[in-house]
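Colleague: Here is a sequence together with a model predicted from it:
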Amino acid sequence: MKTLNGKVALVTGGSRGAGRGIAAELGKAGATVYVTGRSIQGASTNNWPGTIDDTVSEIEAAGGKAIAVQCDHTKDEETEAVISQIRKEQGKLDILINNVWGAHDLGVDGNPFWDLSLKNWDTMFTAGVRAQLATNHFAVPLLRKNKQALIIHTTFWDHGKYTGQFYYDLAKNTLVRMAYGLSVELKQDNIAVLAVSPGFMRTELVLKYHGADESHWQEADDLKQSETPYYVGRGIAALANDPNVMEKSGQVFRAGELAEEYGLTDVDGRYIPPFTI
């Protein structure tokens, strides 16, 4: 059902993974989706599978409308230009999904903090946390023109448990706190701000690491409790369609919790419980 007809959404980091799944589900629900990322057709970051053009093609193939905009969200002028383009072309922005995350460039190393390179800060905070903050900085004035709007930060969270990697843990919990702080500041504008944590996703890079594909993932023992990126996408689309979403503002939810509340399943019909460490 096109429950989000007339809505305009921006999904950052939409070339692959959670961003692609979220953008696809918002598009299927009727929203016009702007998809940003560094990877474009013929020039994918690190030659990884997935580009913003692929995401747009997927949305269009499902009957939706989407616009790809190449953007490196560590560059403020490019982020500002994206918001300016949306303002010019649409005159509004209803849904902002802050999903950009630069840590894949370095990988997540589980060594003790003192043995980790300080480059972890640059990838997880500059290209992750700050990039999401900067997108908020430029987008909020446009969002505030609406009678209501929604901001979601994708993160990883399991009731405050330590994730096992110092920088990753610090960055992901910072995103949770960012959502809370914004929810307080934007309450008077009727803008709901939430953090959403996917479970163990079978992203393109996870499948590549395990030498699997979406047709044979069940053969890998480590992937048996995994979910597709569309699972969290369906949860976020449900939030965007919830008239009472302001009641959830400031909170953090796991994908499995959203699926249970809204009666959702993954694309294969399974309900996957909330991921726990």
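Modeller: Perfect, thanks for sending it.

Colleague: and stretch 148-156, how far from the chain's centre?
Modeller: On the basis of CA atoms, centre = their mean, to the nearest Å, the separation between the geometric centre of stretch 148-156 and that of its chain is 8 Å.

Colleague: I misspoke; the intended subject was stretch 209-219.
Modeller: In terms of CA atoms, centre = their mean, the centre of stretch 209-219 is found 23 Å from the chain centre.

Colleague: Kindly export that stretch (C-alpha atoms) in CSV.
Modeller: Extracted in CSV, the C-alpha atoms of stretch 209-219 (Å, rounded to 0.1, in the frame of the first residue of the first chain):
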residue,chain,number,x,y,z
TYR,A,209,32.8,-12.0,3.5
HIS,A,210,31.0,-15.3,4.1
GLY,A,211,31.4,-16.3,0.4
ALA,A,212,27.6,-16.6,0.1
ASP,A,213,24.7,-15.0,-1.8
GLU,A,214,21.1,-14.4,-1.0
SER,A,215,20.1,-17.8,-2.6
HIS,A,216,22.5,-19.8,-0.5
TRP,A,217,23.0,-18.0,2.8
GLN,A,218,21.3,-20.7,4.9
GLU,A,219,24.2,-23.0,4.1
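
Colleague: What are the buried residues along that stretch?
Modeller: H210, A212, W217 (16 or more other CB atoms under 10 Å). For the C-beta atoms, the positions are set from N, CA and C on the backbone; glycine is no exception.

Colleague: give the contact list for the first one.
Modeller: The neighbours of H210, taking CB atoms under 8 Å, 6 or more residues apart in numbering as the test, are W217, A220, D222, L223.

Colleague: between the residues you listed, which is nearest M124?
Modeller: Ranked by distance to M124 (CB to CB), those are led by D222 at 23.6 Å.

Colleague: Report the separation between that closest one and V232.
Modeller: Using CB to CB, to the nearest Å, D222 is found at 19 Å from V232.

Colleague: just W101 next, same as before
Modeller: 13 Å.

Colleague: of these two, who's got more company?
Modeller: Higher neighbour count among W101 and V232: V232, with 31 against 26, using other CB atoms under 10 Å.

Colleague: Would you mind measuring from the more buried one to R87?
Modeller: On the measure of CB to CB, V232 and R87 end up 28 Å apart.
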